[in-house]
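Peer 1: Predicted model, plus sequence, below.
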Amino acid sequence: MSLQDLLPAGLGAGLPAEAAITVMAALAGFVVVAVVWQALLVTDPMADRARRLGRRRQELLSERQAGRRKATRRQRATTLMRTIADRLHLLRDRTTARTAERLACAGWRSPDAIVVFLVLKLLAPFAVGAVALLFAHGLQAIPPGPLRSFVPLLAVGLGFYAPEVFVKNAIVKRQKLIQKGLPDALDLLVICAEAGLSLDAALSRVAGEMDKACPPIADELGLTAVELGFLPERRQALQNLAKRCPLPSIRGVVGTLSQTERYGTPLAKALRVLSNEFRNERLLKAEEKAARLPAIMTVPMIVFILPALFIVLAGPAALGVIDSLKHM
């Protein structure tokens, strides 16, 4: 066996054995030098960490500046809306207090919420009407006739009622969430009352526990706990809860809590009875929906399923009859 046969396939092709060995030795020497050089290099982990921290700080600074710019734009828009409301005396209307209560029922208790709502309610008809006018007359998307003049008027009416409808839908959605999470909140209140916590501490603890499961009811209970601490009459805090959540179940809870505050009745026992009642009510509603399901499914079955079934069953027979009539 010669030295050429010991070399890897293709490496010694066209080269003498001594030249191939020299090339391999040079490559091996280069690899050894590179490995030794890499091992002898002094690495500074703190410098790498400092670079990563610097990049992270720049990212956080950019996010903070973007948040500040967004808050500044929002503040400017709110200031402009407040100026418009002050110039037009929108906040002096008799219905302002009632509108503020409705916004509070929807979960918007910010001082600027009433200003934004009133200004949007004022400007929405003009904006929607202008868009409809441009669409109907400017772009001529609607053919000439009475409809072209009726569409802008209809758009003005929709723009006037759109904020009211939006707030009403928000109130209904929030009340459904509160109604759904109330039995669990009452169970937690029972546990806190049996553990010896006062009403303020129990409401605060339940608000913290329900923050992820049901944020609306956690918000309302937390606000009630705060009001119980600083309002001169504790009954007023409970009445405010009933105003913000106009639900029969909430009114029942408020009445029970007011009774315990006034007469000193056992809080845990009363809340346990309320919790059982609300759970039974929710179970009855679920059974009612389940019992109503067959009647609701009747119309879709008649409209969508039966025609397809008739086509599948009677289709071949109808085609056969048609073919027979053609051959007669």
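Peer 2: That came through fine.
Peer 1: what's whichever helix in the chain runs longest packed up against?
Peer 2: Longest among the helix segments of the chain by residue count, using DSSP state H, is helix 146-194. Using 3 or more CB pairs under 8 Å, 6 or more residues apart in numbering; DSSP states H and E as the contact criterion, the neighbours of helix 146-194 among helices and strands are helix 96-105, helix 111-133, helix 199-209, helix 215-230, helix 248-263, helix 267-300. For every residue, glycine as well, the C-beta is placed using N, CA and C.
Peer 1: Indicate which one of those is closest to L90.
Peer 2: Across those, L90 has its closest neighbour in helix 111-133 (4.5 Å, CB to CB).
Peer 1: pLDDT on the longest helix of the chain, on average?
Peer 2: Averaging the model's pLDDT scores along helix 146-194 yields 85.
Peer 1: got it, and stretch 133-141?
Peer 2: Mean per-residue pLDDT for stretch 133-141: 73.
Peer 1: Now do the SS call for T265.
Peer 2: Put simply, T265 is coil when judged by DSSP: H, G, I helix; E, B strand; the rest coil.
Peer 1: my guess is it meets Q259, correct?
Peer 2: Yes. Counting by CB atoms under 8 Å, a contact exists between T265 and Q259, whose distance comes to 5.9 Å.
Peer 1: Which residues are in contact with the residue sitting nearest the centre point of the chain?
Peer 2: To find the centre residue of the chain, average its C-alpha atoms and take the closest one (CA atoms, centre = their mean): that gives P215, at 10.7 Å. For P215, the contact set (CB atoms under 8 Å, 6 or more residues apart in numbering) comprises L177.
Peer 1: cool, and L154?
Peer 2: Contacts of L154 by CB under 8 Å, 6+ apart are A132.
Peer 1: one step back: now tabulate the helices and strands packed on helix 146-194 in CSV and tack on distance to R56.
Peer 2: As requested, the helices and strands packed on helix 146-194 are arranged in CSV below (distance: least, CB to CB, whole Å):
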stretch, distance to R56
helix 96-105, 40
helix 111-133, 34
helix 199-209, 31
helix 215-230, 30
helix 248-263, 46
helix 267-300, 47
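Peer 1: S62: which of these is closest?
Peer 2: helix 111-133 (27.3 Å).
Peer 1: helices or strands next to that closest one in the packing?
Peer 2: In terms of contacts (3+ CB pairs under 8 Å, 6+ apart), helix 111-133 is packed against helix 45-88, helix 96-105, helix 146-194.
Peer 1: Show the average pLDDT along the first one.
Peer 2: For helix 45-88, the per-residue pLDDT values average out at 76.
Peer 1: Same question for the second one.
Peer 2: Regarding helix 96-105, the rounded mean pLDDT is 84.
Peer 1: got the angle for it vs helix 146-194?
Peer 2: What separates the directions of helix 96-105 and helix 146-194 is an angle of 60 degrees, with axes from the mean of the first three to the mean of the last three CA atoms, to 10 degrees.
Peer 1: Could you list the buried residues of helix 96-105?
Peer 2: Using 16 or more other CB atoms under 10 Å as the burial criterion, the residues of helix 96-105 that qualify are 99-100, 102-105.
Peer 1: Reformat these as CSV; add distance to A317.
Peer 2: Written out in CSV, the entries for those read as follows (distance: CB to CB, whole Å):
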residue, distance to A317
T99, 66
A100, 69
R102, 62
L103, 64
A104, 66
C105, 61
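Peer 1: of the residues you listed, closest to P152?
Peer 2: Distances from P152 to these, taken as CB to CB, are shortest for T99 (26.9 Å).
Peer 1: For G229, see how far away the closest one is.
Peer 2: 28 Å (CB to CB, to the nearest Å).
Peer 1: Please compute how far stretch 31-39 lies from its chain's middle.
Peer 2: For stretch 31-39, the distance from its own C-alpha centre to the chain's C-alpha centre is 57 Å (CA atoms, centre = their mean, to the nearest Å).
Peer 1: For that stretch, C-alpha coordinates in CSV please.
Peer 2: Extracted as CSV, the C-alpha positions of stretch 31-39 are listed here (Å, rounded to 0.1, in the frame of the first residue of the first chain):
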residue,chain,number,x,y,z
VAL,A,31,-6.9,24.9,12.6
VAL,A,32,-4.7,24.4,15.7
VAL,A,33,-3.6,28.0,15.7
ALA,A,34,-7.2,29.3,15.3
VAL,A,35,-8.4,27.1,18.2
VAL,A,36,-5.5,28.2,20.5
TRP,A,37,-6.0,31.9,19.5
GLN,A,38,-9.7,31.6,20.3
ALA,A,39,-8.9,30.0,23.6
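Peer 1: What are the contacting residues of that stretch?
Peer 2: Identification of contacts with stretch 31-39 by CB under 8 Å, 6+ apart yields no residue at all.
Peer 1: how many other residues sit next to L133?
Peer 2: Each residue near L133 was counted by other CB atoms under 10 Å, and the total is 17.
Peer 1: I'd like the numbering to begin with 22 instead of 1 from here.
Peer 2: I'll keep to 22 as the first residue from here, and by that count the last item is L154.
Peer 1: Which residues are in contact with it?
Peer 2: Applying CB under 8 Å, 6+ apart, we find L154 in contact with 173, 176.
Peer 1: Could you check the angle the helix or strand hosting N261 makes with helix 220-230?
Peer 2: Secondary structure assignment for N261, by DSSP states H and E: helix 255-265. Angular relation of helix 255-265 and helix 220-230 on a 0 to 180 degree scale: 30 degrees, by the same axes, to 10 degrees.
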